[in-house]
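Participant: Quick one: sequence plus predicted model below, questions after.
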Amino acid sequence: NMNNNSRFRMVIFNSAGNQVADNQYTVNGNTATLVSGAVPMLVSGTYKFVSYTYNQSTLPSLGNIANVNNQDDFATYCITKNVSESNNTITVAFKRQMSQFELAVSASGFSNNSATYNSALVTNLNTDGTWNINNGSSDDTGLIASGTGNIVCYNNNQYKVLPVSRSLSISFTNLNIGGTNYGEKSVLAPVNFV
């Protein structure tokens with residue numbers, strides 16, 4: 001699901017945990033082309049491949065920590081592989097580390113159940129996080145979330161957020177049901193974004 005011309009980074013560690021390569025690739029269809037770094041020349045052995053992407057044409061994090069914010073399309077791929085002369089390729093299958101959601105309102109029991117809102121303020125979401133890039137990196141360790149903040153959502157839009165389990169406060173502005181404006185209405189919603 002990567003966009004054409006998006007980049008990903010692949011850092012390779014040997015079995016002793018030492019970094020042996022740090023490359024960037026750009027994606028076109030099912031092909032990845034090296035755009036930064038050197039072609040890895042690996043001798044037979046076991047290696048850890050740690051990759052990440054923001055699914056865009058730039059890579060904002062190039063150190064040993066990837067910084068992630070709401071709305072980033074952040075994904076990772078980590079695998080340990082035994083490389084040999086006959087088995088020396090890798091297929092990268094990214095796992096998204098972000099949750100995607102859309103807010104919608106519905107009504108029942110009115111003579112006209114059509115329901116809309118102008119915007120909704122969602123509070124108590126994590127705003128940013130980090131993902132460590134090292135020999136111990138794993139797709140399942142998840143992001144280390146920090147900071148809380150708010151985002152404004154609009155009807156029929158999808159949003160990417162850091163995974164979180166908590167109760168969110170959602171305040172809908174100009175809630176309209178069946179042609180009647182009910183002003184601002186707030187709800188508390190338990191969520192488990194994964």
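Facilitator: Happy to help now that I have it. Residues are numbered from 1 along each chain as shown.
Participant: Specify the beta-bridge partners of Y154.
Facilitator: Residues in a beta bridge with Y154, per DSSP bridges, are S119.
Participant: List the residues that contact the most far-flung residue of the chain relative to its centre.
Facilitator: Most distant from the centre of the chain: S111, at 41.2 Å, with distances by Cα atoms, centre = their mean. Contact analysis of S111 by Cβ atoms under 8 Å, 6 or more residues apart in numbering lists G178. Placement of C-beta: from N, CA and C, glycine included.
Participant: Compute the distance between it and Q56, please.
Facilitator: Per Cβ to Cβ, to the nearest Å, S111 is found 47 Å from Q56.
Participant: Same check on N30?
Facilitator: Distance of N30 to Q56, given as Cβ to Cβ: 19 Å.
Participant: what sits up against the helix or strand of the chain with the lowest mean pLDDT?
Facilitator: Within the chain, no helix or strand scores below strand 144-154, which has a mean of 89 by mean pLDDT, DSSP states H and E. Residues outside strand 144-154 that contact it (Cβ under 8 Å, 6+ apart): 70, 102-103, 118-132, 159, 161-164.
Participant: if you set the cut-off to 7 Å instead, what comes out?
Facilitator: Strand 144-154 is contacted from outside by 70, 103, 119-130, 159, 162, 164, using Cβ atoms under 7 Å, 6 or more residues apart in numbering.
Participant: do the same with stretch 44-63
Facilitator: 2-3, 5-15, 24, 66-67, 72-85, 90, 92, 94, 131, 133, 135, 137.
Participant: More neighbours: N30 and Q56, which one.
Facilitator: Counted by other Cβ atoms under 10 Å, N30 and Q56 do not tie: Q56 has more neighbours, with 14 against 7.
Participant: So the more buried one, which state does it fall into?
Facilitator: Secondary structure, DSSP: H, G, I helix; E, B strand; the rest coil: Q56 is coil.
Participant: State the pLDDT value of it.
Facilitator: Model confidence at Q56, given as pLDDT, is 95.
Participant: Quick check: it vs N135, distance?
Facilitator: In this view, Q56 and N135 are 26 Å apart by Cβ to Cβ.
Participant: Likewise for T80?
Facilitator: For T80, the distance to N135 equals 9 Å [Cβ to Cβ].
Participant: which one of these two has more residues nearby?
Facilitator: Applying other Cβ under 10 Å to T80 and N135 shows that N135 carries more neighbours, namely 18 against 13.
Participant: need the contact list for that one.
Facilitator: Shown in contact with N135 (Cβ under 7 Å, 6+ apart): 13, 17, 48.
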